[in-house]
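Enquirer: here is a sequence together with a model predicted from it:
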Amino acid sequence: MKNKIFSAIILAALICAGSYFLFFQKKPAFVPYRTFYSEVSDGKISEATISSDKINFKYNGGETVFSTENPDSPALKEFLLLNSVKITEEQDFSEIISTVLDVLFYVIFFAVIIFAFRKFISPNTFKTVHRTGVKFSDIVGMENLKKDMMQIADIMKNPAAYRAKGIRMPKGILLEGAPGNGKTLFARALAGEAKVNFIPAKATDFESMFMAIGPAKVKLLFAKARKRTPCIVFIDEFDGIGTKRNYSGSAIETENTRIVTALLNELDGFTPHDGILVLAATNSRDALDEALIRPGRFDAKYTVPYPDFESREKLIEKYSAGKNYSFDPKILAKNFSGFSCAQIESVINRAALVASQQLEMRKNRGSRIFFGLLLY
Ligand code: ADP
């Protein structure tokens, strides 16, 4: 309480002092500029203090301060000096504030730029997975695709032997297919089988509110890949960055065009013998820029299909393993026609969840996934 009263007294004293200086301090007598001008010309003025809106001055031998307007003329200072007036230039409070604000603006501006570059192009943006630990045997079905991938893994493991046969490793492979059918899984399995590093990235990693960061990130990704060879660079949602270039001039299109151009430069910048393989996953190849899918860049293209009946059956068995269920996987596989692998996993998981909730509610008769599936 005492402290509050003390603070209030100090505040009141400061306000009074401020008001006194502002309103009651004796102001110098005003002299019209025209009179001031002629008296300077006659050599009657000894000193002048120039501030942004006024000039305070003293007559020869006098101590009284007079004031006139500052005409803000570029010739003023020279005119006073030529007439032997001693000049003092006073910086206004507003000028000091504006200088401080200017400095502050530059400091904040550069701090934001440095922060943005450090945050958005942090060297840790793309993490390397040294061993994915995924094998082709973890992938259910898709036997044809697995065979092709096995051969690519073999080329990556024995590049010299294949080179002797005149077979080079593809630089880029496009995996096309609906989401949830295992494009990422295939990429991880390929890295696992070939025992190479895996660097995953996705379209959103290249997005930024700042222009030119997207292309810089493409460069960063490939700079990292060059340091981590042999490796697989996996770009998910590739249609998010590799879309057809459009020269409309809009900011987003310009950024996209620059990203695609940076990608083309990077793909052309390494040879098939450098030990970098770029795998790109897309839902639709038609949306991609033609220059990207030209042979020599993304020259191998594979479709990751929806699981067939047999694969669905195996997936159902795989995802129901360890769960208490009473359904025929064959019947369910028939009903799951058109489902992606991820959808099958999600339905079975949800069914088990619903079944266990029902069990909680009824507290009898045993948890049966089949029951959950019916409810789903
Ligand atoms: P995409 O990259 O095509 O969107 P993902 O590879 O992320 O699909 O797969 C989604 C989920 O489905 C993952 O949990 C993955 O393990 C599983 N999955 C997909 N395809 C298969 C498959 N053929 N065998 C086993 N699991 C699969």
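Expert: Arrived safely.
Enquirer: residue 268 reaches residue 291, doesn't it?
Expert: No. With contacts counted by Cβ atoms under 8 Å, residue 268 stays clear of residue 291, the gap being 10.2 Å. Bear in mind the C-beta positions are built from the backbone N, C-alpha and C, glycine included.
Enquirer: give the residues shared as contacts by the two.
Expert: With contacts taken as Cβ atoms under 8 Å, 6 or more residues apart in numbering, the residues that reach both residue 268 and residue 291 are residue 297.
Enquirer: got the phi and psi for residue 128?
Expert: For residue 128, the backbone dihedrals (degrees, to the nearest 10) come out as phi -90, psi 130.
Enquirer: give the burial count for it, as a bare number.
Expert: Close neighbours of residue 128, defined as other Cβ atoms under 10 Å, add up to 13.
Enquirer: now do the same for it: its pLDDT.
Expert: Here, the pLDDT recorded for residue 128 equals 88.
Enquirer: before we move on, what about residue 81?
Expert: As predicted, residue 81 sits at a pLDDT of 94.
Enquirer: just to revisit the earlier point, who's more crowded, residue 268 and residue 291?
Expert: A count of neighbours by other Cβ under 10 Å puts residue 291 above the other of residue 268 and residue 291, at 15 against 11.
Enquirer: next, the contact list for whichever residue of the stretch 151-300 of the chain sits closest to the ligand, please.
Expert: Nearest to the ligand, among the residues of the stretch 151-300 of the chain, is residue 182, at 2.6 Å (Cβ to the nearest ligand atom). Taking Cβ under 8 Å, 6+ apart, we find residue 182 in contact with 139, 142, 304, 341.
Enquirer: what is the burial count for the closest residue to the ligand within the stretch 251-376 of the chain?
Expert: Ranked by Cβ to the nearest ligand atom, the top residue of the stretch 251-376 of the chain for proximity to the ligand is residue 341, at 3.3 Å. A count of nearby residues for residue 341, using other Cβ under 10 Å, gives 24.
Enquirer: how about residue 62?
Expert: Counted with other Cβ under 10 Å, residue 62 comes out at 12.
Enquirer: secondary structure class of the closest residue to it other than its chain neighbours, three-state.
Expert: Distance criterion Cβ to Cβ, 6 or more residues apart in numbering; nearest residue to residue 62, sequence neighbours excluded, is residue 46 at 7.9 Å. When classified by DSSP: H, G, I helix; E, B strand; the rest coil, residue 46 comes out as strand.
Enquirer: what of the one 3 residues further on?
Expert: In the three-state summary, residue 49 is assigned as strand, counting by three-state DSSP.
Enquirer: from the contact counts, what lies against whichever helix or strand residue 160 is part of?
Expert: Counting by DSSP states H and E, the element that carries residue 160 is helix 159-164. Using 3 or more Cβ pairs under 8 Å, 6 or more residues apart in numbering; DSSP states H and E as the contact criterion, no helix or strand is in contact with helix 159-164.
Enquirer: the residue of the stretch 251-376 of the chain closest to the ligand against residue 315, yeah?
Expert: Yes. With the criterion set as Cβ under 8 Å, residue 341 and residue 315 qualify as a contacting pair; they are 5.8 Å apart.
Enquirer: quick one: common contacting residues for the two?
Expert: The contact sets of residue 341 and residue 315 overlap at 140, 307 (Cβ under 8 Å, 6+ apart).
Enquirer: okay, the residue of the stretch 251-376 of the chain closest to the ligand: pLDDT?
Expert: Taken from the predicted model, the pLDDT recorded for residue 341 is 90.
Enquirer: can you check residue 3 too?
Expert: In this model, residue 3 is scored at 68, pLDDT.
Enquirer: same check on residue 260?
Expert: The predicted structure scores residue 260 at 83 on the pLDDT scale.
Enquirer: distance check, it against residue 172.
Expert: 13 Å (Cβ to Cβ, to the nearest Å).
Enquirer: let me see the ranges of the strands in the stretch 101-250 of the chain.
Expert: Listed in chain order, the strands of the stretch 101-250 of the chain (DSSP state E, counting those that start in this stretch) span residues 172-176, 197-202, 231-236.
Enquirer: what does this protein put close to the ligand?
Expert: 139-142, 177, 179-185, 281, 341-342, 345 (Cβ under 6 Å from any ligand atom).
Enquirer: all good on my end, thank you.
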